[in-house]
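Student: Let's see this in three dimensions:
(one chain, ligands or ions: 1)
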Amino acid sequence: MQNFLVRETIVDLLLRIEQDSGFSHLLIDHEIKSRNIPPKDEALMTEIVYGTIQRKLTVDYYLKPFIHSAKKLQQWVRMLLRMSVYQMKFLDKVPDHAIIHEAVEIAKHRGHKGIASFVNGVLRSMQRRGVPDTAEIEDEAERLAIETSHPQWLVKRWIDMYGYEMTRDMCHANLERKPASIRIQPLKITRETAMDELQELGFELRKSHFSNQGILIDQGNILRTRLFEQGYVTIQDQSSMLVTEMLNAKPGMTVLDACSAPGGKVTHTAEKMQNEGLIAAYDLHAKKAKQIRKKAAELDLTIIDAKPGDARKLQEQHEKESFDRILVDAPCTGFGVIRGKPDIKYHKEKEDIDRLARIQLDILEHVAPLLKKDGRLIYSTCTVDRAENNEVAENFLARNPDFHVDPDFFEQLPAMIQDSPGCSEIGLQLFPQTFSTDGFFLTRIKRV
Ligand SMILES: C[S@@+](CC[C@H](N)C(=O)[O-])C[C@H]1O[C@@H](n2cnc3c(N)ncnc32)[C@H](O)[C@@H]1O
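Tutor: This next block holds a predicted model:
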């Protein structure tokens, strides 16, 4: 495919992502598959799309002095400029003159000569005069927000919660790539055998310390391997694996996963139970329950009974005190997975945090009566925010005196995590910068 066409496809994608918030990764994957883009272009395209979204606010700051009437700018022209500036400032792969030439060609093809000359003028002026220096921004929260392309309200909120240094490191970590992380299906293959097979294919690998089923991939594409295609391994972040490790479900137990799609943790739990026992898995919509059944089938796991259902109404389906283990991996803002889904940071607002915290507490309150005495419940989210994490758990415990944080939880965490900065009396907050995982919160609650 010609460079020109790849770049024009990127403009289309950026436009759709801007309009259709929250689905960048799904859209990109779908688009690349449906357009039969060759692997060489696929990698570059993915890099430019993700990078442009990831750096959007920084790029807009760079562009500001060169665009006098930003309001009149058509959206596709804005995307074209963003994509070009991203490449000029953050990628070394293509020389500036080639980037500008392609941008001008796209502008001519999609618009007219006038737009082409505008695009040419903006990019050439920027090349000549240089971009504004962020070091001149006096307020440190504002500077950090612009340099790392996060909304200011969020950076300020994180500074209030976790301090400036933690926030700075988290914002920078959100711009980096993390190693791919996979989980072996232990009923089909051992970690050693899987690692041997992948290493023979040229993969660079490490064992995860979070789960004895986890492998980190520093080099290699797992999607194109026999092990992935035949369900010997599945893709999952280490932090998610830790959730199931800490749930500690045993063969023969009865387990509830109240919010289980797309099925990462529930399939891991079935593996831990050696496919013996029963797992009732729910998610809101029938389509999502189907997704879980599909994933379970791919991994040859038969003890998962996946159905649509609202976690807040499960008392209609199940007797009180009927589960040994319950997982509430709650819907959340997702601020812990910004690296993989960068548009999340622009589309969530403070109101979303408050709304979700209410839902999280509501789910916990309705699901907890289903836990047997001496049973364990894990509450987890893939976000970094006290209101959705620590405070939801604290509120739940304050209102339900027969539940408390399991004192064994902390001892059973992997040794390297026990003293990590996010460990508190209420649970564990993983930050993306500490172990290069997603940002995640988890705690284990015991019924007494
Ligand atoms: C963080 S995801 C769960 C991820 C899943 N545990 C995994 O490991 O693959 C949260 C899920 O909760 C579901 N959800 C949201 N509200 C719900 C509710 N009231 N009852 C059940 N599921 C709900 C969402 O559809 C979403 O799939």
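
Student: Assign the residue of the stretch 101-250 of the chain found nearest the ligand to helix, strand or coil.
Tutor: Per C-beta to the nearest ligand atom, Ser240 is where the stretch 101-250 of the chain lies closest to the ligand, at 5.7 Å. Just so you know, the C-beta spots here come from the backbone N, C-alpha and C atoms, and that holds for glycine as well. Three-state assignment for Ser240 (DSSP: H, G, I helix; E, B strand; the rest coil): helix.

Student: same question, the one 4 residues further on
Tutor: For Thr244, the secondary structure call by three-state DSSP comes out as helix.

Student: burial of the residue nearest to it when sequence neighbours are not counted, as a residue count?
Tutor: Sequence neighbours aside, His268 is the residue nearest to Thr244 in space, at 4.0 Å (criterion: C-beta to C-beta, 6 or more residues apart in numbering). With neighbours defined by other C-beta atoms under 10 Å, the count for His268 comes to 27.

Student: Distance check, His268 against Glu138.
Tutor: His268 is 48 Å from Glu138, where distance means C-beta to C-beta, to the nearest Å.

Student: Which strands or helices does the lengthiest strand in the chain pack on?
Tutor: When the chain is parsed with DSSP state E, its longest strand is strand 371-381. With contacts defined as 3 or more C-beta pairs under 8 Å, 6 or more residues apart in numbering; DSSP states H and E, the packing partners of strand 371-381 are helix 238-247, strand 323-329, helix 350-367, helix 390-399, strand 440-447.

Student: any chance of the ones you listed in a markdown table, with mean pLDDT and distance to Thr52 too?
Tutor: Below are those laid out as a markdown table (pLDDT from 0 to 100; distance: least, C-beta to C-beta, whole Å):
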| stretch | mean pLDDT | distance to Thr52 |
| --- | --- | --- |
| helix 238-247 | 98 | 27 |
| strand 323-329 | 98 | 31 |
| helix 350-367 | 98 | 24 |
| helix 390-399 | 98 | 34 |
| strand 440-447 | 98 | 27 |
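
Student: Of these, which is nearest Val119?
Tutor: Closest approach to Val119 among the helices and strands packed on strand 371-381 (C-beta to C-beta): helix 350-367, 35.2 Å.

Student: buried stuff in the closest one?
Tutor: Under the neighbour-count criterion of 16 or more other C-beta atoms under 10 Å, helix 350-367 has 353, 356-357, 359-361, 363-364, 366-367 buried.

Student: Report the entries of those that also contact the ligand.
Tutor: The residues of these that also fall near the ligand, by C-beta under 6 Å from any ligand atom, are Ile363.

Student: quick one, phi/psi of Gln274?
Tutor: Main-chain dihedrals, Gln274, degrees, to the nearest 10: phi 50, psi 30.

Student: I misspoke; the intended subject was Ile67.
Tutor: phi -120, psi 110.

Student: Can you get me a residue count around the closest residue to Ala180 other than its chain neighbours?
Tutor: Nearest residue to Ala180 in three dimensions, chain neighbours excluded: Ile217, at 4.2 Å (C-beta to C-beta, 6+ apart). A total of 18 residues lie near Ile217 under the criterion other C-beta under 10 Å.

Student: and what of Glu276?
Tutor: 12.

Student: I'd like the distance between it and the ligand.
Tutor: Distance of Glu276 to the ligand, computed by C-beta to the nearest ligand atom, to the nearest Å: 21 Å.

Student: and that residue, that one's in a strand?
Tutor: No - using three-state DSSP, the assignment for Glu276 is coil, not a strand.

Student: surely it meets Gly252?
Tutor: Yes - between Glu276 and Gly252 there is a contact under C-beta atoms under 8 Å: 5.4 Å.

Student: that older thread, I'd like to know which of the helices and strands packed on strand 371-381 lies nearest to Lys313.
Tutor: That would be helix 350-367 among the helices and strands packed on strand 371-381, by C-beta to C-beta, at 7.3 Å.

Student: contacting residues for Glu197?
Tutor: 226-227 (C-beta atoms under 8 Å, 6 or more residues apart in numbering).

Student: now for the strand or helix carrying Leu144, which elements pack on it?
Tutor: Leu144 is part of helix 140-148 when elements are defined by DSSP states H and E. Using 3+ C-beta pairs under 8 Å, 6+ apart as the contact test, the elements touching helix 140-148 are helix 56-63, helix 152-162, helix 164-173.

Student: returning to what we had before: for the buried residues of helix 350-367, give me a markdown table that also has distance to Pro331.
Tutor: As requested, those are exported to a markdown table (distance: C-beta to C-beta, whole Å):
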| residue | distance to Pro331 |
| --- | --- |
| Ile353 | 12 |
| Leu356 | 6 |
| Ala357 | 11 |
| Ile359 | 6 |
| Gln360 | 7 |
| Leu361 | 12 |
| Ile363 | 8 |
| Leu364 | 12 |
| His366 | 14 |
| Val367 | 13 |
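
Student: Grab the most central residue of the protein for me.
Tutor: Val337 (2.7 Å; C-alpha atoms, centre = their mean).

Student: Show me the strands in this structure, by range?
Tutor: Using DSSP E, the strands of the chain run over 180-184, 204-207, 214-219, 233-235, 254-257, 278-283, 304-308, 323-329, 371-381, 403-405, 423-424, 427-430, 440-447.

Student: Any idea which of those gets closest to the ligand?
Tutor: Across the strands of the chain, the ligand has its closest neighbour in strand 323-329 (3.5 Å, C-beta to the nearest ligand atom).

Student: Right, I'll leave it there.
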